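>>> Predicted model, plus sequence, below.
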Amino acid sequence: MFRADWVRKLSESRSTSMRSPSSSTTTVSSSSLLLAAKNPVIWAGQGVHYAQAGERLAALAELIPAPVCATNPGKSAIAETHPLSLGASTRSSQKGYYHFLNRSDVVLAIGSSMTKTSFGPTLPRRKRIIHSTNYASDINKDVVAEIGLVGDAALVVKDFAELRHSPGIFIPSLITGVVAIIYPFIIAVIVPAVTGQPLSDSSDFEVAIEMYRTQPATRGLDPEAAIQAYLFQFFAVMLVLIPVTSSMSLAAHSVVGEKQARSLEPLLVTPITTFELLGAKVLGAFIPSILLTAGFFLVYIVTAALLARPGVAWALLGPRMVGIVFILGPLAALAALQMAVCVSSRVNDARTAQQIGVFVILPIAGLLVGQLAGAIELTVTLIAWITLGLLVVNAGLMRVGIALFDRETILTRWR
């Protein structure tokens, strides 16, 4: 009665798989939390199978290292014979499953909705949770996560592994920060202590003595402390290089890396505008860089309070120093990483994109040399003018970036 013949030919073509990556900012934060954990555990769900990310997950578990406990739908997310596999669980499980889960401090849940159910394992309380899922509605639904990652399981695992494999991304900025802190202390504190000759006895620092006499922030300092404050403010320009170097590395890898992994295409076919896409890429690299700079500045101030003469650390918190580190630094970093994003959207190598940073680093080096030669004094007024110029430059770079970022070229012709 219901029998009929199918006369049309069946199509054997596959539909396009849409896979979205997580943002670089949350991935960096999650990686830092994982690496700082004493007893991390990976909670693997069914999404690992859908993403065909089993081998990548096993590699990530070995890199951290962390044992892997699977939900029942996530069974064999990594091979059950793998040394780090704790097997799968419903309401019952082998002893080792909850032994490691109970003593864990950080849990990376990946490819799992973490839905509370009578048919699944129970997550112990008071755990710091990183929840990675393809559905944003799953995050904080039944279990509160400290960090939420929305993205395909394979791509999220790839991002974690790349950051674990490539700590060198942050090495240039870390070296810059260490040099920026050590160098002024060698000149202002260590050399006078070793030689027994105070800086105030040298005629080379008459400019610092003049600053001591005229600027309100240093009037209460003795001559030696005023010279130390002058030197610390002088070399503060080097702190500007920290956000520039780190943000450029992150931005270049963000676009080029995703192009190479073919994870950029899903973002390009979404309804978000190019401005929103590039803005997210910029912020993803900008925020970790500023946090890194703030951390080094705190070390700078604390070290000055411990090793320099009394009152020097307080003098460093004036508008000139704050303007250099927290206004010029972020704006210079923003200009550098926008250049990196613009270039990386047209090239296939992250190192090529990073080389554009010379156009930002050279002017910063010029400020340092100009101060050393006595041709430039970074006053509050000059900082304000440089700030205005950088705002104009950043606005122009964003317009250029939007014009250069050709979605169709990346989707159809990039190889």
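Done, it's in.
>>> pretty sure Tyr135 contacts Ser113?
Yes: counting by CB atoms under 8 Å, Tyr135 sits close enough to Ser113 to count as a contact (7.1 Å). No exception for glycine: its C-beta is placed from N, CA and C like everyone else's.
>>> Settle it for me: which of these two has more neighbours?
Ser113 (23 against 10; other CB atoms under 10 Å).
>>> What segments of the stretch 251-400 of the chain are helices?
265-268, 274-307, 312-315, 319-323, 329-344, 350-354, 358-372, 380-404 (DSSP state H, counting those that start in this stretch).
>>> Val179 is nearest to which of those?
Nearest to Val179 among the helices of the stretch 251-400 of the chain is helix 274-307; the distance by CB to CB comes to 10.5 Å.
>>> Packing partners of the closest one?
Secondary-structure packing of helix 274-307 (3 or more CB pairs under 8 Å, 6 or more residues apart in numbering; DSSP states H and E): helix 24-36, helix 171-185, helix 223-234, helix 241-260, helix 312-315, helix 329-344, helix 380-404.
>>> Show me where this protein dips below the pLDDT cut-off.
Within the chain, the segments meeting pLDDT under 70 span 1-29, 151-170, 203-219, 249-272, 277-278, 280-282, 284-285, 344-358, 374, 406-415.
>>> So which residue is smack in the middle of it?
The chain has Pro288 as the residue nearest its centroid, 3.8 Å off, counting by CA atoms, centre = their mean.
>>> shouldn't that one be in contact with Pro243?
No: counting by CB under 8 Å, Pro288 does not reach Pro243; the two are 9.2 Å apart.
>>> which residues touch Thr245?
172-173, 176, 357, 361 (CB atoms under 8 Å, 6 or more residues apart in numbering).
>>> Next one: it from Ile290, what distance?
Shown here: Thr245 relative to Ile290, a distance of 13 Å by CB to CB, to the nearest Å.
>>> shared neighbours of those two, anything?
Joint contacts of Thr245 and Ile290 (CB under 8 Å, 6+ apart) do not exist.
>>> what about the closest residue in space to Ile129 that isn't next to it in sequence, how many neighbours?
Excluding the flanking residues, the one nearest Ile129 by CB to CB, 6 or more residues apart in numbering is Ala145, at 4.5 Å. Residues lying near Ala145 (other CB under 10 Å) number 20.
>>> who wins for proximity to Pro124 among the helices and strands packed on helix 274-307?
helix 24-36 (17.6 Å).
>>> Quick one: residues in contact with the very next helix or strand once past the closest one.
Beyond helix 24-36 in the direction of the C-terminus, DSSP states H and E gives the next helix or strand as strand 40-44. Contacts to strand 40-44, defined as CB under 8 Å, 6+ apart, come from residues 34, 57, 60-61, 64, 66-71, 74, 77-78, 100-101, 104-112, 114, 123.
>>> Mind checking which of those residues are buried?
34, 57, 60-61, 64, 66-71, 74, 77-78, 100-101, 104, 106-112, 114, 123 (16 or more other CB atoms under 10 Å).
>>> Restricted to strands, list those residues.
The strands, defined by DSSP state E, take in 68-71, 106-110 from these.
>>> follow-up on the earlier one: if I pick the residue nearest to Ile129, what's in contact with it?
Taking CB under 8 Å, 6+ apart as the criterion, Ala145 is in contact with 109, 129-131, 139.
>>> 7 Å instead, please
129-131, 139 (CB atoms under 7 Å, 6 or more residues apart in numbering).
>>> Roughly how far does it sit from Ala70?
For Ala145, the distance to Ala70 (CB to CB) stands at 19 Å.
>>> cool, Leu33 as well?
Counting by CB to CB - Leu33 and Ala70 are separated by 21 Å.
>>> can you check Pro330 too?
Taken as CB to CB, the span from Pro330 to Ala70 is 43 Å.
>>> what does Ser30 give?
Counting by CB to CB, the gap from Ser30 to Ala70 is 20 Å.
>>> same deal with Ala136?
If you go by CB to CB, the gap between Ala136 and Ala70 works out to 23 Å.
>>> Ser137 too?
Distance of Ser137 to Ala70, computed by CB to CB: 22 Å.
>>> One more: Val302?
45 Å.
>>> what does Pro319 give?
Between Pro319 and Ala70 the distance, using CB to CB, works out to 56 Å.
>>> cool, Val191 as well?
60 Å.
>>> Same question for Leu404.
44 Å.
>>> first to last residue in stretch 84-99, what's the distance?
End-to-end distance for stretch 84-99, by CA to CA, to the nearest Å: 13 Å.
>>> So for it, what gets flagged as buried?
84-86, 88-89, 93, 97-98.
>>> now do stretch 117-133
Buried, per 16+ other CB under 10 Å, within stretch 117-133: 120-121, 123, 127-133.
>>> and it, C-alpha only, in CSV?
Taking Å, rounded to 0.1, in the frame of the first residue of the first chain, the C-alpha atoms of stretch 117-133 are listed here in CSV:
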residue,chain,number,x,y,z
THR,A,117,22.2,12.9,36.2
SER,A,118,21.5,9.6,38.1
PHE,A,119,23.2,7.8,35.3
GLY,A,120,26.5,9.6,35.3
PRO,A,121,29.5,10.2,37.6
THR,A,122,29.4,12.8,40.3
LEU,A,123,31.9,15.6,40.4
PRO,A,124,33.2,16.3,43.9
ARG,A,125,32.7,19.7,45.4
ARG,A,126,35.2,22.6,45.8
LYS,A,127,37.0,22.0,42.5
ARG,A,128,38.3,24.7,40.2
ILE,A,129,36.7,23.8,36.9
ILE,A,130,37.7,24.7,33.3
HIS,A,131,34.6,23.7,31.2
SER,A,132,35.1,23.3,27.5
THR,A,133,32.0,22.5,25.4
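>>> Run a quick neighbour tally on Leu298.
By other CB under 10 Å, the burial measure for Leu298, its neighbour count, is 10.
>>> unless I'm mixing things up, Ser132 is touching Ile110, no?
Yes: assessed by CB atoms under 7 Å, Ser132 is found in contact with Ile110 at 4.4 Å.
>>> which residue sits closest to Ile364, ignoring its sequence neighbours?
Val240 (5.4 Å).
>>> And the helices and strands packed on helix 274-307: which comes nearest Ser202?
Across those, closest to Ser202 is helix 223-234 (CB to CB), at 8.5 Å.
>>> so what does the closest one touch, helix or strand wise?
Where contact means 3 or more CB pairs under 7 Å, 6 or more residues apart in numbering; DSSP states H and E, helix 223-234 is packed against helix 206-214, helix 312-315.
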